[in-house]
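[1] I'd like to go over a predicted model; first the sequence, then the structure.
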Amino acid sequence: MLKQTEGSKAVAEAIALCRPEVICAYPISPQTHIVEALGEMVKSGELTPCEFINVESEFAAMSVAIGSSAAGARSYTATASQGLLFMVEAVYNASGLGLPIVMTVANRAIGAPINIWNDHSDSLSQRDSGWMQLFAETNQEAVDLHIQAFRLAEELSMPIMVCMDGFILTHAFERVDIPSQEQVDAYLPPFDPRQVLDPKEPMSIGAMVGPEAFMEVKYLAHAKQMQALELIPQLSAEFKQTFGRDSGGLVRTYRAEDAETMIVAMGSVLGTIKDVVDDMREQGHKIGVLGIVSYRPFPLKEVRAALVNCKRFLVLEKSLAVGMGGIVATDVRMAVTGTGLKGYTAIAGLGGRTISKASLQNLFLQAEQEHLEPVTFVDLDWDAVNKQLERERLNRRSGPIAENILHDKGMLSAAKFG
Amino acid sequence: MSFQPVKFYQTGTFTVGNRLLAPDERSEQANPQRSNSINSGHRACQGCGEALGARYAIDAAMAESNGQLIAVNATGCLEVFSTPYPESSWQLPWIHSLFGNAPAVATGVAAAMKVKGRKEVRVVAQGGDGSTTDIGFGCLSGMFERNDDVLYICYDNQAYMNTGVQRSSATPPAARTATTMPVGPEPGNVFGQGKNLPEIAMAHGISYVATATVADLRDLEYKVRRAMGIRGARYIHLFVPCPLGWGTASHDTIRMARLAKESGMFPVFEAEHGEVTGVLKIRHKVAIEEYLKPQKRFAHLFGKHAHPEMVERLQAIADRNIRKYGLLDEGSN
Amino acid sequence: MFQIRIHGRGGQGVVTATEMLSVAAFEEGRHAQAFPSFGSERTGAPVVAFCRIDDKEIRLREPIMAPDALIIQDPTLLHQIDVFAGLKPDGYVLFNSHHSFEALGLGDLVKVRGLQRMCTLPATELGIKHIGRPIPNVPLIAGFAALSGIIKLESVIKAINEKFSGKVAEGNIAAATDAYNLVKEQMKEHANA
């Protein structure tokens, strides 16, 4: 049914349609509206049978999900930012144990300095955790990816994060088509676990494993993600058959045919990028877009195929590998190894910094002319940076960086929007 | 209270001989059909108090739940010695996740059983004092506060034994550990407040809290069975001497547990909804030295460079326990 | 694409106003996108929220920097922030006040832009009158419907019925209708002036 609704609410409805049996909730912006809505559905009896557990931390949230998933219950939680980092030990444990938990990550920056706004640092920090990660471009896609995620996770017995941009998607009201229960039931069979804690068939799960078997266990986690590279497009195609909508898949291109410059990105910024690309196409620029839906597993082959015919590409990412540059860009460059393609990295939107059409158009034009540095920081206030560097050069006790920058910028900026 | 209604003891040990009891009063361990939840062949040290305690506790819980039990284990000695692949000792469904999350994992298992309508399946979580009183404390408190249907058993051997005997918040004052060495003017662990987990559990108002030692295994069985008869969060704090960590003879494990109780250092009691409802009285009071002297971890308190003032302070702790819990029959207060 | 920016303070229903605007547009079969300025809103703190309306899918995710319409829910914001920043030359302005623009010290603005697309509305008073609470958001979006014609009053009423029920819905509908008529009258006067 078509609805004008908040992203979080839409996702909560999609989760409920997936018949989760255990939901663990701990508040952290910007995912909170999702679990709030689910809590209400469980409490009212609309979502049943389901246990909704208000836990005392994200670490407990993931741990409860580990217990319930291992005991054969379809398990769900949601988190963001500091919350994801607080549960990291359990995040790795869930994948190590091969438990098909689905978790929404409402992508948000990581402090310090504390910041509640959107970027991709949180889930990308869990790149190697063994969890699959799918990124939604719109709230419709967030809804659809969650439904696909349960299917994917349970078929492979591996956990998965559905990543949606915090606030930008979670708090946006937009048009979303919420599927019917019949459609979801037809697509998503009941959870049939590969391993389950049951007195009828006692087994030990999570025993210590020495050097003689550890590598095989880890390799199999990798092998599962390689299987996911096959499975994700299949599930997306099957989704289209059931729901009549193109959603998910490994990558998606936009106006890529004959493109000489390709822009690579993940998440909601793809929308703004597409608007810019439409404008530039009208002006005769040969520019296209590659959206990466599946960040883990990373679709090396598909990324290479999408880029191999262009002349240059720019990876625009909301994340920063401090001391290195781009995180996504590293993988993209790996994908195009040996092609001789010119590749640029643009770091944008950290901590919720506005990514405007104007800035993007300027950036893309520079990329097209190959006038960019290998790594560009979009809309970085160099005056503020240089002022702080100078302060540090002059004064040993230069003080806290964030507070200095805020002071330099004045409270004026706080009163402005954007 | 009706601890040990039958008083036939073997000479000098307080241990009840099964042969002297009617069959229905015998220990679960005397039952040839017992579950043997932790099978033989595991890798615990000789004289391990934790292995003994876990065997009695889990077999009793299995008996009480008609074998419908799932165990969640924190990282620690019990987890390590019982499970290297492929030789798991566990004869019941068992999961180990992390050091600090056993109570939360148990909550998840219990939630799964509830949602699937399998009320007969019960959940026990277990860990050592490190996972219980330190790293898993937050999860434990959360599980208590929500009153999740889990029996949590803490096997307290008073230090991080698995990693090589480091101090935990359950380590007693003056004790030597790898991180509280017997050097300097106040050797061994500091005199602080420690962390009294049974009392903290009681403060959550949960339905049942009990302490026990491996010196009184029938009392342990009774408390586990009692706890299994109740729904909601329950806590049993079991005192389990560690020959390796304490520097005691492996044949002295039960004796050390008994001396801890008889000296007043470890009060044995049970509590319901935050109120103490019964204590196991001291039968034959001993001075604290009698408990401390056989343990190498307290050796620096005696001998050439003795610290009688520290022994006195430990005695004062025991005396306070005796007064507070009324551990002596003729007890004052 | 038509872009609306609403300024107000935490507790005045600024975010809800953009959401209801988007629902009203959706009810007319159009695409709409509403989103807040993503702050950690506190009661009384300045809040900005945005709404885009279009006949095709809206992909753009940047904040609205050049609005086609401004709704200002709280006159005291004038001293704090530049609420008019980026407003298009032919943009609409709806101001929550029982005073005129001149009385608010915005006479110069009127001189530049004219009154054809500007209007003040005593929305807080309407909220008190019809809902019993000084919440100006629903009267303002109904006033915006009257001012701009971008959405219909009946769509605003649909959005009200989706959000509220019973007496609260009735009160809000009365407030919306009242506001709509007040703005319509005022615009007639402006046209005749």
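    That came in fine, so what should we check first?
[2] isn't residue B:156 right next to residue B:240, touching?
    Yes: between residue B:156 and residue B:240 there is a contact under Cβ atoms under 8 Å: 6.3 Å. Just so you know, the C-beta spots here come from the backbone N, C-alpha and C atoms, and that holds for glycine as well.
[3] Neighbours of residue 328, how many?
    Unless you meant another one, I'm taking chain A. When counting by other Cβ atoms under 10 Å in any protein chain shown, one arrives at 25 neighbours for residue A:328.
[4] you looked at the wrong chain, it should be chain B
    The burial count for residue B:328: 16, using other Cβ under 10 Å.
[5] how near is it to residue C:54?
    83 Å (Cβ to Cβ, to the nearest Å).
[6] so what does the longest helix that chain C contains touch, helix or strand wise?
    Counting by DSSP state H, the longest helix found in chain C is helix C:166-192. Counting contacts by 3 or more Cβ pairs under 8 Å, 6 or more residues apart in numbering or on different chains; DSSP states H and E, helix C:166-192 packs against strand C:118-121, helix C:123-131, helix C:137-148, helix C:153-163.
[7] Output the ones you listed as CSV; include the columns mean neighbour count and distance to chain A.
    Output for the helices and strands packed on helix C:166-192, formatted as CSV (neighbours: other Cβ atoms under 10 Å in any protein chain shown; distance: least, Cβ to the nearest Cβ, whole Å):
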stretch, mean neighbour count, distance to chain A
strand C:118-121, 24, 21
helix C:123-131, 21, 21
helix C:137-148, 28, 13
helix C:153-163, 20, 9
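[8] Can you show me the helices along the stretch 301-418 of chain A?
    A:328-335, A:357-368, A:382-394, A:401-409, A:412-415 (DSSP state H, counting those that start in this stretch).
[9] out of the ones you listed, nearest to residue C:168?
    With Cβ to Cβ as the measure, helix A:412-415 is the member of the helices of the stretch 301-418 of chain A nearest residue C:168 (33.0 Å).
[10] hang on, the earlier thing: now distance to residue B:137 and mean pLDDT too, for the helices and strands packed on helix C:166-192, in TSV please.
    Formatted as TSV, the helices and strands packed on helix C:166-192 follow (distance: least, Cβ to Cβ, whole Å; pLDDT from 0 to 100):
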stretch	distance to residue B:137	mean pLDDT
strand C:118-121	57	96
helix C:123-131	49	96
helix C:137-148	46	97
helix C:153-163	44	97
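[11] remind me which residues of chain C are low pLDDT?
    Counting by pLDDT under 70, chain C contains low-confidence residues at C:38-41.
[12] which strands and helices sit next to the longest helix along chain A?
    Ranked by residue count and defined by DSSP H, the top helix of chain A is helix A:214-243. For helix A:214-243, the elements it packs on are helix A:88-96, strand A:132-135, helix A:139-156, helix A:181-187, strand A:294-296, judged by 3+ Cβ pairs under 8 Å, 6+ apart.
[13] deepest of the helices of the stretch 301-418 of chain A, which one?
    Across those, averaging neighbours per residue (mean count of other Cβ atoms under 10 Å in any protein chain shown) puts helix A:328-335 on top, at a mean of 20.
[14] Nearest residue to residue A:16 in space, please, no chain neighbours.
    Closest residue in space to residue A:16, ignoring its immediate chain neighbours: residue A:47 at 4.7 Å, by Cβ to Cβ, 6 or more residues apart in numbering or on different chains.
[15] For that neighbour, which residues are in contact?
    Listed by Cβ atoms under 8 Å, 6 or more residues apart in numbering or on different chains, the contact set of residue A:47 reads A:16, A:20, A:38, A:41.
[16] Mind picking the two most distant members of those residues?
    The distance between the two most remote of those (Cβ to Cβ) is 10.2 Å, for A:20 and A:41.
[17] who has more neighbours, these two?
    residue A:20 (24 against 19).
[18] Sticking with the residue in chain B that chain A sits nearest to, tell me its helix or strand.
    When scored by Cβ to the nearest Cβ, chain B has residue B:108 as its residue closest to chain A, at 2.4 Å. Using DSSP states H and E, residue B:108 sits within helix B:102-115.
[19] what about the helices in the stretch 201-333 of chain B?
    B:217-228, B:243-246, B:253-263, B:288-292, B:308-325.
[20] Quick one: closest of those to residue C:158.
    The nearest among these, by Cβ to Cβ, is helix B:217-228 at 57.5 Å.
[21] Touching, residue A:209 and residue A:216? I think so.
    No: Residue A:209 lies out of contact with residue A:216 (Cβ under 8 Å); the separation is 9.1 Å.
[22] do you know how far residue A:86 is from chain B?
    11 Å (Cβ to the nearest Cβ, to the nearest Å).
[23] who's in contact with that residue?
    Here residue A:86 is in contact with A:57, A:58, A:59 (Cβ under 8 Å, 6+ apart).
[24] what number of residues lie near the first one?
    If you count neighbours by other Cβ under 10 Å, residue A:57 ends up with 18.
[25] which parts of the stretch 151-300 of chain A sit against chain C?
    A:167-168, A:171-175, A:268-272, A:274-275 (Cβ under 8 Å from any Cβ of the partner chain).
[26] try 10 Å this time
    Contact residues, the stretch 151-300 of chain A versus chain C (Cβ under 10 Å from any Cβ of the partner chain): A:165-175, A:267-276, A:278.
[27] Filter the residues you listed down to the buried ones.
    Among those, the ones that count as buried by 16 or more other Cβ atoms under 10 Å in any protein chain shown are A:165-175, A:267-276.
[28] related to what we said a few turns ago, out of the helices of the stretch 301-418 of chain A, which is closest to chain C?
    Between the helices of the stretch 301-418 of chain A, helix A:412-415 lies closest to chain C; by Cβ to the nearest Cβ that is 4.6 Å.
[29] on that earlier part again, so can I have TSV of the contacts of residue A:47 showing distance to residue C:2 and pLDDT?
    Output for these, formatted as TSV (distance: Cβ to Cβ, whole Å; pLDDT from 0 to 100):
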residue	distance to residue C:2	pLDDT
A:16	34	98
A:20	39	98
A:38	34	98
A:41	34	98
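[30] Mind telling me which residue of the stretch 151-300 of chain B is nearest chain C?
    Closest residue of the stretch 151-300 of chain B to chain C, Cβ to the nearest Cβ: residue B:204 (32.1 Å).
[31] That residue: what's its closest spatial neighbour, skipping adjacent residues?
    Excluding the flanking residues, the one nearest residue B:204 by Cβ to Cβ, 6+ apart is residue B:144, at 3.9 Å.
[32] what about that neighbour, neighbour count?
    Look at residue B:144: counted by other Cβ under 10 Å, it has 24 neighbours.
[33] any idea which element it lies in?
    Using DSSP H and E, residue B:144 falls in helix B:137-146.
[34] Tell me the helix or strand right after that helix.
    Of the helices and strands lying after helix B:137-146 in sequence (DSSP H and E), the nearest is strand B:151-156.
[35] Direction included, what does that following strand pair against?
    Strand B:151-156 pairs in its sheet with strand B:122-128 (parallel), strand B:234-239 (parallel), by DSSP bridges.
[36] returning to that earlier point: any chance of the helices and strands packed on helix A:214-243 in CSV with mean neighbour count as columns?
    Below are the helices and strands packed on helix A:214-243 laid out as CSV (neighbours: other Cβ atoms under 10 Å in any protein chain shown):
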stretch, mean neighbour count
helix A:88-96, 21
strand A:132-135, 26
helix A:139-156, 25
helix A:181-187, 15
strand A:294-296, 23
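[37] would CSV of those with distance to residue B:261 and mean pLDDT be doable?
    Below are those laid out as CSV (distance: least, Cβ to Cβ, whole Å; pLDDT from 0 to 100):
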stretch, distance to residue B:261, mean pLDDT
helix A:88-96, 36, 98
strand A:132-135, 53, 98
helix A:139-156, 50, 98
helix A:181-187, 59, 98
strand A:294-296, 54, 98
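[38] Looking at the stretch 51-200 of chain B, what residue ends up closest to chain C?
    Shortest the stretch 51-200 of chain B-to-chain C distance, computed as Cβ to the nearest Cβ: residue-wise this is residue B:138, at 25.1 Å.
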